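In: predicted model and sequence below, questions to follow.
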Number of protein chains: 2
Amino acid sequence: MEKAIKDILVNGALKVNGSLWVEGNGKRFFGPGPVELLELIQETGSINQAAKRMKMSYKKAWELINNLNNMAGVPLVVTSTGGDNGGGSAISEEARQLIAYHRDLRVRFSKFLEEETQRLK
Amino acid sequence: MEKAIKDILVNGALKVNGSLWVEGNGKRFFGPGPVELLELIQETGSINQAAKRMKMSYKKAWELINNLNNMAGVPLVVTSTGGDNGGGSAISEEARQLIAYHRDLRVRFSKFLEEETQRLK
DNA sequence: ATTCGTTATATCTTATGAGATATAACGATC
DNA sequence: GATCGTTATATCTCATAAGATATAACGAAT
């Protein structure tokens, strides 16, 4: 009988893992990072606070969002500067759809990874 | 009716993509890069030549192989220095098994990605 | 007009990784 | 023992990424 893959390695705890994203003509468009950020913007109403929650610099968060908005035909994050509370941000309906889609996608992917990990043994 | 995800984006050519690897207790162990390198070592009998084919520096190739051998309980690449042709390298039977496994894995993963890409539309 | 917290942007510094280069060790062949 | 092409390893430089810092613009509220 052929050896199982797991017997090739010293460390027993083997598993298949991976990551998934949506590409818009060849360029990575929407991965796991943005999802969390969008959710936090929805929750906090602010890019700044969302970034802090993720321990991400404002700069990085802003660049990420800027990319997203540029690649999408519809703005995913809509911002306003100034105003009573200095301004703020919200996510669009389309962003909510993307988040929901990605959540479902991740569920199916987890199942796939689980099955493949089983197959190792 | 709800908009399809693809209608959110300007660029029609949307697809789901991703990458997959095998983890040995939390650390990435075997991804798509090593597979190609191992195959080329098998083909050329030399780390040096394999690296050149991949346009990878010898250093990087060697580090990659060293990691692999360290994490695996069994050496995946066996090398010899000196000798009639200066030395050379070959891959072990276990490496061949890993390559075969990963090839099958990629086939199934492609199918998964294909299905998910369909679902976008 | 001053205050406020946010968005938006530029710039500078620093850390990390990648690549380039150099060199020793090796051992069969001649 | 000289030659050869390879493995093995150290070191140095450089490009790119990441982070830190600074600052302007904004507009409602007072």
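Out: Sure, I can see it. Numbering: from 1, shown residues only, chains lettered A, B, ... in the order given.
In: list the buried residues of stretch A:61-70.
Out: Using 16 or more other Cβ atoms under 10 Å in any protein chain shown as the test for burial, stretch A:61-70 gives A:61-62, A:64-65, A:68-69. From N, CA and C alone the C-beta is placed, and that goes for glycine too.
In: just stretch A:93-103 next, same as before
Out: Those would be A:94-95, A:97-99, A:101-102, for stretch A:93-103 by 16+ other Cβ under 10 Å.
In: re the thing from before, dump the buried residues of stretch A:61-70 into a markdown table; add distance to B:Ala4, secondary structure and pLDDT as well.
Out: Shown next, in a markdown table, are these (distance: Cβ to Cβ, whole Å; DSSP: H, G, I helix; E, B strand; the rest coil; pLDDT from 0 to 100):
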| residue | distance to B:Ala4 | secondary structure | pLDDT |
| --- | --- | --- | --- |
| A:Ala61 | 28 | helix | 94 |
| A:Trp62 | 29 | helix | 94 |
| A:Leu64 | 24 | helix | 93 |
| A:Ile65 | 23 | helix | 94 |
| A:Leu68 | 18 | helix | 91 |
| A:Asn69 | 20 | helix | 91 |
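In: from those residues, pick the one nearest chain B.
Out: Distance to chain B across these (Cβ to the nearest Cβ) is lowest for A:Leu68, with 10.3 Å.
In: now that closest one, nearest residue through space, not along the chain?
Out: Leaving out its chain neighbours, the residue that sits closest to A:Leu68 by Cβ to Cβ, 6 or more residues apart in numbering or on different chains is A:Leu76, at 5.1 Å.
In: which residues touch that neighbour?
Out: Under the criterion of Cβ atoms under 8 Å, 6 or more residues apart in numbering or on different chains, the neighbours of A:Leu76 are A:38, A:65, A:68-69, A:91-92, A:94-95, A:98.
In: next, format the residues you listed as JSON lines and append distance to B:Arg53.
Out: As requested, these are exported to JSON lines (distance: Cβ to Cβ, whole Å):
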{"residue": "A:Leu38", "distance to B:Arg53": "42"}
{"residue": "A:Ile65", "distance to B:Arg53": "41"}
{"residue": "A:Leu68", "distance to B:Arg53": "38"}
{"residue": "A:Asn69", "distance to B:Arg53": "41"}
{"residue": "A:Ile91", "distance to B:Arg53": "46"}
{"residue": "A:Ser92", "distance to B:Arg53": "47"}
{"residue": "A:Glu94", "distance to B:Arg53": "44"}
{"residue": "A:Ala95", "distance to B:Arg53": "44"}
{"residue": "A:Leu98", "distance to B:Arg53": "40"}
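In: many thanks, have a good one.
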